[in-house]
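Engineer: got a structure for you, letters missing:
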């Protein structure tokens, strides 16, 4: 099993959609990448039984978590606990790349 | 609850030790930071029931995962599944900062 991956080798490009790529997965955790080109949006949604986090690697996203809406760039970590609605929109001019964890996997 | 954090505001400095700081925690996941100054080492150890990942944010670390030993810098993600021994040493000249997830929390 491969246990070292550079995220830059796995950025999922899907123009007009949220690109998704799994880096590592177990029964407990899915760790992967989301990539959103400018003007692409992941609609606000809720996972009843899963905690999720986003870590911004590149670009800038407008995140919704519950009642909070905030812009976040590289270095920001965003926490969307189970039952709390969340989503992200790329309103910027460059690709938004996120490290995403879902616990447990969907 | 605070759901947006910039990791740079939470880097745990503990000269000579592995600095640890929790960013977010639930019953399912602990997401936090580890910081190792030059020549600091986290000894090789194993979690029987927890998957763990490291994501290198700053610096360069020499990681052990099972039989593999490898240097990893910013952008690299390292996966240490339950039952596999793992550790990291900062052999470089600058601080090593890691985003670390443990599933479930210890």
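Structural biologist: Yep, it's here. The shown structure was predicted, so the numbers you read here are calculated from the model rather than taken from an experiment.

Engineer: Could you check stretch A:61-71 against chain B for contacts?
Structural biologist: Yes - part of stretch A:61-71 sits near chain B under the criterion CB under 8 Å from any CB of the partner chain, namely A:63, A:65, A:66, A:68, A:70. For every residue, glycine as well, the C-beta is placed using N, CA and C.

Engineer: Which strands or helices does whichever helix or strand the last one is part of pack on?
Structural biologist: In the assignment (DSSP states H and E), residue A:70 maps to strand A:68-72. In this structure, strand A:68-72 makes packing contacts with strand A:61-65, strand B:4-6, judged by 3 or more CB pairs under 8 Å, 6 or more residues apart in numbering or on different chains; DSSP states H and E.

Engineer: Write a ChimeraX command that selects only the buried members of the residues of stretch A:61-71 next to chain B.
Structural biologist: A single ChimeraX command selects the buried members of the residues of stretch A:61-71 next to chain B (16 or more other CB atoms under 10 Å in any protein chain shown):
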select /A:63,65
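
Engineer: Who does the closest residue to residue A:18 other than its chain neighbours form a beta bridge with?
Structural biologist: Leaving aside its chain neighbours, residue A:18 sits nearest to residue A:42 (5.0 Å; criterion: CB to CB, 6 or more residues apart in numbering or on different chains). Beta-bridge pairing of residue A:42 under DSSP bridges involves residue A:88.

Engineer: low-scoring stretches of chain A, by residue?
Structural biologist: Scanning chain A for pLDDT under 70 picks out nothing.

Engineer: Close to chain B: what parts of it are there?
Structural biologist: Counting by CB under 8 Å from any CB, the residues of chain A that sit close to chain B are A:1, A:3-8, A:23-24, A:26, A:28-29, A:31, A:50-51, A:53, A:55, A:57, A:63, A:65-66, A:68, A:70, A:72, A:75-82, A:84, A:99, A:101, A:103-104.

Engineer: Now, these that are in strands?
Structural biologist: Counting by DSSP state E, the members of the residues of chain A next to chain B that fall within strands are A:4-6, A:23-24, A:31, A:51, A:53, A:55, A:57, A:63, A:65, A:68, A:70, A:72, A:76-80, A:99, A:101, A:103.

Engineer: nearest to residue A:88, of the helices and strands packed on strand A:68-72?
Structural biologist: Of all the helices and strands packed on strand A:68-72, strand A:61-65 sits nearest to residue A:88, with 4.5 Å by CB to CB.
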